[in-house]
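Trainee: Dropping a prediction and its sequence here:
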Amino acid sequence: MPEVQALRALAVSLVVLYHFWPHRLHGGFVGVDVFFVISGFLITSHLHKELLSRGTVSLRAFYARRARRLLPASLLVLAVATAASWSFLPMTRWESGAREVLASTFYVQNWMLATRAVDYSALDDAASPVQHFWSLSVEEQFYLCWPPLILLLVAVARRARRADPSALVLPGILVVTLTSFAYSVYATAHTPAAAYFVTPTRVWELGAGALLALWTRNRVRPPSRHAPVRTTHLVLLRWSGVVAVLAGAVLLSSASPFPGWLALLPVLGTVAVIAAGATGPGDPLGRLFDARPTQFVGLVSYSLYLWHWPVLVIAPFVIGHPLRTMDKVLLIVGCTVLAWLTKLFVEDSAQRWRQLSTRPLATAVIAVVAMLAVAGLAGQQLREVAHREDEARTILAGAASQPCFGAPAMLPGSGCADVFGPAASVAQTPEDEPWRPDPACQPSGGAPATVTCRFGDAPPTRRVVLIGDSHADHWRAALHRVAAVQGWELVEVLHGGCPAVAAQVLTFNGDPIDTAECHAWGEQVEQLLASDPPDYVFTSSFASAYTFAPDGQDAFETATQAYADRWTAWADTGAEVFVLQDIPTTDHRQVPECVAQNRADPLACALPRDRAFPPDPARAAASRVDSPGVRQLDFSNLFCDDAHCYAVIGGALVYWDNNHMSAQFSRTLAPQLLDRVLAVD
């Protein structure tokens, strides 16, 4: 079936082009959906054929075949990616990369990414070299469950005394496929970030291929490639399928609610191409499908998929600069050669190894040993991370006691030397994480979810509430120090990726968010403050990252007014409202990585001030509010001078990632924060 190999070539080409040029081919990720349909079609074809010939399916033989087909190449790539990341990537990527290698080794990577996708604090993590293994995890979980499902349907049919034991396979798979599709539509609408990765939202795509396999075997005899029958409707079907897949690649983007019903475009397109079969030599697509380059790319598509992403992630650190167009072209050529070699000497060799092909138990033992070896390599990397973190704690403990550590170095007349010199430590510790739990804080429950922090045994002198998204969260380290000194009770009401305003927010950094949930949370916050007004409210927001729905005016003006109205409403409850203006942005750079790569010269990671402050409706709103109860606190002068905003100040790392302030720097802001609050009192 050359059309299947051609579809593989199309799928891997779309994915590779999308990853190398994400702003050119916005929807190239649909290539993964094409792979899912193909896998469902081929696996179900093999299983159904075995069922018809033997009356059952051998699970041992099936899993042994899958292991020989998939594990050698995937484990090789995981091992090489781990070693390469250890050698070339900065230490800031080691821990997350090693954990993803572990998840990928045991094919649960998609669930790890789904968990992180609903955790706003992880949305801006740098991509690991094995992040693309999420789709392989979905397929492996499908392979694990699909044969038992078919055997279950056969057992039910036999128990019902059906003449044909396979009579329930088609209707059973149809029910599973439709159920998964319904759930995919629902989950994409309600939890879009996680829905992209989890298996239940993707099973219907593999199920579509499975249904096609059963339908063609039971109802239709596909035209043979040796005796093609060219008919107009088959040509039209094939062309329509290719156009549908390409349309998805061109029209969709990361902002599209996907998979959901939009995934019907690449899924049904793939089904159409396979269903059309051979369309005859007069069809130009037939000649393209049969062309040797097309068939070659399809042949090496699995290995090409495996290699292209780690090469793309690691290459900039090897060559020392961001990838240029010619770099990317050469890397794609190199990945293709690497894929071909892997196909010849790894994939094919494992398939031909007689000791494995005739002994499923031997295959299982070797597979487990190889998986444990890769897991051990990742575990060793995690141990090295822990060792580096211990060293960093010791260094930072000494540095933090110095008067010029962090923000105080920026104060006029501080007398601090080398304010923008090397960081005390480029290794980050868990204590530097902005949202690290504090033992002084306990969940308070209710709606919205709150956390109450109490410092000391005496009755609190003030009741203080911190409200906002993760850019309010990263002020916690400073506020906790102030609260401990002043004896405050601090209540945290935080929701990552949601501004606490009434206006409808549509996207965050171009990605769709749960608009209804954000709106409901904002209303709950207002009710909380109205029912039990605090003494102080502190709030901040990553306002420049949101896109708001316009409400009779342009979106920026809508957002500006929404912030001003909400702060005024809070002040009307009798609370003093302190608006912590957002910190300088980083132009989407992973700042700790930059500092790690430029240890001797962190000034290379500084950003011109005029690029560090994009249009910000919250900043605009601060000048519009005329309520005496709303105060603006702007600490820009402790991050920037007149020309630049800095990545390292007074030996402290300013940022945790590509937009959040590190806790180590936040803590150094506490004295200035307290001074400005006391000035109001």
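Mentor: That came in fine, so what should we check first?

Trainee: my guess is residue 456 is in a strand, correct?
Mentor: No - looking at residue 456 with DSSP: H, G, I helix; E, B strand; the rest coil, it is coil, so not inside a strand.

Trainee: okay, and the helix or strand of the chain with the least pLDDT?
Mentor: Ranking every helix and strand in the chain by mean pLDDT, DSSP states H and E puts helix 354-357 at the bottom, with a mean of 63.

Trainee: same question for stretch 557-565, mean pLDDT?
Mentor: For stretch 557-565, mean pLDDT rounds to 93.

Trainee: okay, it in CSV with CA atoms only?
Mentor: Provided in CSV are the C-alpha atoms of stretch 557-565 (Å, rounded to 0.1, in the frame of the first residue of the first chain):
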residue,chain,number,x,y,z
GLU,A,557,-9.0,49.9,26.1
THR,A,558,-11.5,47.2,27.3
ALA,A,559,-8.7,45.6,29.4
THR,A,560,-7.5,48.9,30.8
GLN,A,561,-10.9,49.9,32.0
ALA,A,562,-11.6,46.4,33.4
TYR,A,563,-8.5,46.6,35.6
ALA,A,564,-9.4,50.1,36.8
ASP,A,565,-13.0,49.1,37.6
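
Trainee: can you list contacts of that stretch?
Mentor: Here stretch 557-565 makes contact (CB atoms under 8 Å, 6 or more residues apart in numbering) with 499, 501-503, 541, 543, 546, 548-552, 617-618, 620-621, 624-625. No exception for glycine: its C-beta is placed from N, CA and C like everyone else's.

Trainee: that older thread, check the offset of the next helix or strand after the least confident helix or strand of the chain from the chain's centre.
Mentor: Downstream of helix 354-357, the first helix or strand assigned by DSSP states H and E is helix 360-400. Distance of helix 360-400 from the chain centroid (CA atoms, centre = their mean, to the nearest Å) equals 22 Å.

Trainee: which element follows helix 360-400 toward the C-terminus?
Mentor: strand 441-445.

Trainee: of the contacts of stretch 557-565, buried ones?
Mentor: Burial by neighbour count, judged by 16 or more other CB atoms under 10 Å, picks out 499, 501-503, 541, 543, 546, 548, 617-618, 620-621, 625 from the contacts of stretch 557-565.

Trainee: before we move on, the earlier item: mark which of the contacts of stretch 557-565 are part of strands, please.
Mentor: In strands, defined here by DSSP state E, the members of those are 546, 548.

Trainee: Distance check, residue 381 against residue 21.
Mentor: 31 Å (CB to CB, to the nearest Å).

Trainee: Neighbours of the spatially closest residue to residue 323 that is not a sequence neighbour, how many?
Mentor: Leaving out its chain neighbours, the residue that sits closest to residue 323 by CB to CB, 6 or more residues apart in numbering is residue 316, at 5.6 Å. Residue 316: 15 surrounding residues under other CB atoms under 10 Å.

Trainee: Also the one 5 residues further on?
Mentor: Residues lying near residue 321 (other CB under 10 Å) number 8.

Trainee: Quick one, grab the pLDDT at it.
Mentor: As predicted, residue 321 sits at a pLDDT of 85.

Trainee: Please report phi then psi for it.
Mentor: Dihedral pair for residue 321: phi -160, psi 160, per degrees, to the nearest 10.

Trainee: and it, how far is that from residue 597?
Mentor: Between residue 321 and residue 597 the computed distance is 11 Å (CB to CB).

Trainee: So what's the residue count around residue 532?
Mentor: 11.
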